[in-house]
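**Student:** Here is my input, please return the structure:
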Amino acid sequence: MADSKLENLPGSDDKFRCPICLEEVRNPKYLTCYHTFCKSCIQTYISSTAACSGDNSPKTIQCPVCRKSIQAPSNDASSEEWACSLPEDKLILSMSIDSDRSENQYCMFCQRNDKTVQAKHWCKTCTETICDDCKSFHSHVPLLQGHKIVRLADVEDLRKETEIDEPCVIHKGKYVEVFCHDHDQLCCSTCFFTKHRFCKKVESFEDVTMELEEAHGQITPTCFEDVLKKLNHIQEEYRKTVINLNTKKQEICTNTDTKIEEIKALLDKAHSQWMKQFEQKHSDAVGNIEIVSDEVKRLSITMQEAKTMLHRVLENGSTKQIFVSRYKIRRQILDHVDRLHDLKIMDAVHDYNQPDTDFLRQVCDDRSFRDVSVFEMPTETLATLSEFAAQLQNNQILYRQKIMSQKDWMKIGFEKLSESELKTIVCYGLFVDDINVLLSVENPPSLQIYDITDTNAKCVLTYPCSTTPYDLCHERNSMHNVFVSFTTHVDQFRVEISNSVTLRKIKTIELKTQMKALSCGPEMFFTKNNEMRMICTPDFSVKYNSPVPCRLNPPFISASFHSDLHAVIVGNDLLVVDRNNEKLFKKNLRTCFARGLAFDLQENIFVCLMNNNLIQIKNGGGESRYIELPDIKESYNAVLHPTGEKVLILDYWKRFCVYRVS
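**Tutor:** This is a model prediction of the structure:
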């Protein structure tokens, strides 16, 4: 369980507090996970918890809040050296200097000499408050004469002059200067030179902040309110469940003891064995709930820190500080949520049941008692976290999608990034993040995930299926939740990507009508089998259906990213239909080999022609053009990344290629 201090952490305090001592943070230092602590607190924590994983491995600690593993700067670093080497959170210092300045701000230089002198000024270079005498001292010392000093009483000047450079967490003495969109990472000059020189899109903060509000406009302190309320509610439910389980345990034990006394001589041995098993079950159930509750408390700390930081930065920070803070908050929360997914502990015992209390018969027949049954059910924790994580991720996806939407898509080109040979023809695929694609394989029936980081993609996961999988699509607002059609039913899966890649089935939806092709619009699902196309509600109930004779096996269908339009191939024609089953336009392709198709971000449509080209048809059916596909022999299906930055082409010749849209 967490320290009792974690339980007492204020939930609505707007001050930056150390999660260890719960006091206002002093001399703030932060770990690579961006959690901030008092220097003395984290030094004490390092001293008491640092451990080596092997003879030649550096010492490590786990973050007191999120449990991320942090390595020491060197094998022989002392706790003091380690704490001193951590980056100082100057942003917190700069955001806090105007708090209670008329009463509680004292000269930090004088305090080190055991003097209490009212502070009148702020030194940006020293990042400390100083008095009049110490300001005068600055003017007489050559090394200090260039420091920027502002009066605390001058609120406007103070806010303008307290912006400080953000230190690089990797390279000591360096400060972040640019942002790499390709890797979603803050970079100093050394980071850029060593790892990001060849990235396609690296921008200075001055360029990035011009579109700051559009990029992250929906990440505000308000978006944390509902999730914090839900997390508090979850913790309360855990407490109630423990009380209920303890009560039910006592009831069952009391009833059992009463019956045991009636047949004591025959039942002592069975009773003892039964109690031992039940105690273990109960201990495991309550222990797991306590572990989950502890993790939820730790996540609440992360959320509260993020809310406080974002509120103060939006109030007092510059556009650069707002951008950096939002990036750090998003990465911090997504990493924390991923670690909770990896724990796989969220299914908790909800209740007990004793199906039979005829102990005499049980002892006579079985020489033991029937075990108490436990009822496990998933809590709302993971659903709450997944929903919030999807909201944070979607902000970034929508921003990148908006940037790509500004291109003239009738003039874009393709640059090959990765390819792979396959053992069989694959008809359907899907991006599950920026570096992984999910394929549905007919023989043997399976779902496969390929890492497309390198030019030669490699399979990192094969998930066997009992029946043949067909088309697949994303759940709304989430790239990690996908639906896969198995003709008579649809399975929903969660793709979990951290140190390894896993695929976890969430639920099965039985279908009243067979469905093979599958695509998801903003509000509706669009499906197809070999005789009919269908418009479905979010639970896959058919709202409209239309006969569409299909010579293609398997069939294909595609939905727009922005509106509930969908497109299918009917004979030699491309047909586009809206959510009310109204036909918008038809375009003759003059070919009998059209196969898979996909909307681009401007609702133009790519169609595969079983050769080394795509035909791109402008929205409305007017203009069209051919796009050559390097290293593709017969294009069979096309899949666009939700951001529009990449496209996956499946080749009839048992291979696929991934291209960058340029």
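**Student:** Give the buried residues for stretch 243-262.
**Tutor:** Of all the residues in stretch 243-262, those buried under the rule 16 or more other CB atoms under 10 Å are 245, 248, 249, 252, 253, 256, 260. Any C-beta I mention is one placed from the backbone N, CA and C, and that applies to glycine too.
**Student:** Out of those, flag the one nearest to residue 573.
**Tutor:** residue 245 (62.7 Å; CB to CB).
**Student:** if we can go back for a sec, so can I have JSON lines of the buried residues of stretch 243-262 showing pLDDT and secondary structure?
**Tutor:** Shown next, in JSON lines, are the buried residues of stretch 243-262 (pLDDT from 0 to 100; DSSP: H, G, I helix; E, B strand; the rest coil):
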{"residue": "245", "pLDDT": "93", "secondary structure": "helix"}
{"residue": "248", "pLDDT": "92", "secondary structure": "helix"}
{"residue": "249", "pLDDT": "92", "secondary structure": "helix"}
{"residue": "252", "pLDDT": "91", "secondary structure": "helix"}
{"residue": "253", "pLDDT": "90", "secondary structure": "helix"}
{"residue": "256", "pLDDT": "85", "secondary structure": "helix"}
{"residue": "260", "pLDDT": "75", "secondary structure": "helix"}
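**Student:** export whichever helix or strand residue 483 is part of as PDB, just CAs?
**Tutor:** Secondary structure from DSSP states H and E places residue 483 in strand 478-485. Only the C-alpha atoms of strand 478-485 are listed here, as PDB (Å, rounded to 0.1, in the frame of the first residue of the first chain):
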ATOM      1  CA  SER A 478      -8.600   5.700 -30.300                       C
ATOM      2  CA  MET A 479      -6.000   4.100 -32.400                       C
ATOM      3  CA  HIS A 480      -5.300   1.400 -29.800                       C
ATOM      4  CA  ASN A 481      -8.900   0.000 -29.700                       C
ATOM      5  CA  VAL A 482      -9.900  -1.900 -32.800                       C
ATOM      6  CA  PHE A 483     -12.800  -3.900 -34.100                       C
ATOM      7  CA  VAL A 484     -12.200  -7.000 -36.200                       C
ATOM      8  CA  SER A 485     -14.900  -8.700 -38.200                       C
END
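**Student:** Could you list every helix and strand in contact with the next helix or strand after it?
**Tutor:** Using DSSP H and E, the helix or strand that follows strand 478-485 in sequence is strand 487-497. In terms of contacts (3 or more CB pairs under 8 Å, 6 or more residues apart in numbering; DSSP states H and E), strand 487-497 is packed against helix 319-343, strand 436-441, strand 478-485, strand 501-515.
**Student:** Would you mark the buried spots in strand 487-497?
**Tutor:** Residues of strand 487-497 classed as buried under the neighbour-count rule (16+ other CB under 10 Å) are 490, 491, 493, 494, 495, 496, 497.
**Student:** Which strand residues bridge the first one?
**Tutor:** Read that as residue 490. With DSSP bridges as the criterion, residue 490 is bridged to residue 485, residue 509.
**Student:** Hmm, residue 512 and it touching each other?
**Tutor:** No - the pair residue 490 / residue 512 is not scored as a contact, 11.6 Å apart, by CB atoms under 8 Å.
**Student:** between the helices and strands packed on strand 487-497, which gets nearest to residue 456?
**Tutor:** Closest to residue 456 of the helices and strands packed on strand 487-497, according to CB to CB: strand 436-441, at 13.7 Å.
**Student:** Distance-wise, check residue 398 relative to residue 624.
**Tutor:** 29 Å (CB to CB, to the nearest Å).
**Student:** cool, residue 121 as well?
**Tutor:** Taken as CB to CB, the span from residue 121 to residue 624 is 68 Å.
**Student:** Looking at these two now, which is surrounded by more residues?
**Tutor:** The neighbour comparison of residue 121 against residue 624 (other CB atoms under 10 Å) goes to residue 121, with 21 against 16.
**Student:** Relative to residue 348, which of the buried residues of stretch 243-262 is nearest.
**Tutor:** Out of the buried residues of stretch 243-262, the member with the shortest distance to residue 348 (by CB to CB) is residue 245, at 9.8 Å.
**Student:** List the contacts of that closest one.
**Tutor:** Residue 245 makes contact with 282, 285, 286, 349, 351, 352 under the criterion CB atoms under 8 Å, 6 or more residues apart in numbering.
**Student:** The fifth one pairs with what?
**Tutor:** Just to be clear, that refers to residue 351. For residue 351, the beta-bridge assignment (DSSP bridges) gives partners residue 375.
**Student:** Could I get the average pLDDT for the strand holding residue 483?
**Tutor:** Averaged across strand 478-485, the pLDDT comes to 89.
**Student:** quick check: angle from it to strand 501-515?
**Tutor:** Between the axes of strand 478-485 and strand 501-515, defined by axes from the mean of the first three to the mean of the last three CA atoms, to 10 degrees, the angle is 40 degrees.
**Student:** which residues are contacting strand 478-485?
**Tutor:** 386, 390, 393-394, 397, 430-433, 438, 440, 447, 469-475, 490-497, 506, 515-518, 520, 527, 642.
**Student:** switch to 6 Å and redo it
**Tutor:** 390, 432-433, 469-475, 490-495, 515-516, 518 (CB atoms under 6 Å, 6 or more residues apart in numbering).
**Student:** what does stretch 194-205 give?
**Tutor:** Stretch 194-205 has contacts (CB under 6 Å, 6+ apart) with 178, 179, 180, 181, 182, 187, 320.
**Student:** Are any of those residues buried, and if so which?
**Tutor:** Buried among those (16+ other CB under 10 Å): 178, 179, 180, 181, 187, 320.
**Student:** what pairs with the third one across the strands?
**Tutor:** Residue 180 has the following beta-bridge partners by DSSP bridges: residue 185, residue 202.
**Student:** what residue of this structure is the furthest out?
**Tutor:** Seen from the C-alpha centroid of the chain, the residue lying at the greatest distance (CA atoms, centre = their mean) is residue 265, 59.0 Å away.
**Student:** Show the pLDDT at the spatially closest residue to residue 65 that is not a sequence neighbour.
**Tutor:** Take residue 65 and drop its neighbours on the chain: the residue closest to it by CB to CB, 6 or more residues apart in numbering is residue 35, 4.8 Å away. pLDDT for residue 35: 91.
**Student:** same deal with the one 3 residues further on?
**Tutor:** According to the prediction, residue 38 has pLDDT 91.
**Student:** And for residue 641?
**Tutor:** 94.
**Student:** Just give me the neighbour total for the nearest residue to it once chain neighbours are set aside.
**Tutor:** In space, and not counting its chain neighbours, residue 641 is closest to residue 431: 4.7 Å by CB to CB, 6+ apart. Neighbour count of residue 431, defined by other CB under 10 Å: 22.
**Student:** My read is that residue 431 contacts residue 643, right?
**Tutor:** No - in this structure, residue 431 is not within contact of residue 643 by CB atoms under 6 Å, at 8.9 Å.
**Student:** Please, which helix or strand holds residue 272?
**Tutor:** For residue 272, the host element (DSSP H and E) is helix 264-316.
**Student:** For that helix, what does the pLDDT average out to?
**Tutor:** Average pLDDT, helix 264-316: 86.
**Student:** Repeat that for stretch 543-558.
**Tutor:** When pLDDT is averaged over stretch 543-558, the result is 84.
**Student:** go on, stretch 515-526?
**Tutor:** On average, stretch 515-526 scores 92.
**Student:** which residues touch that stretch?
**Tutor:** Residues outside stretch 515-526 that contact it (CB under 6 Å, 6+ apart) are 470-471, 473, 485, 487, 527-529, 535-536, 554-559, 564, 566, 579.
**Student:** could you flag which of the residues you listed are buried?
**Tutor:** For the contacts of stretch 515-526, buried by 16+ other CB under 10 Å: 470-471, 473, 485, 527-529, 535-536, 554-559, 564, 566, 579.
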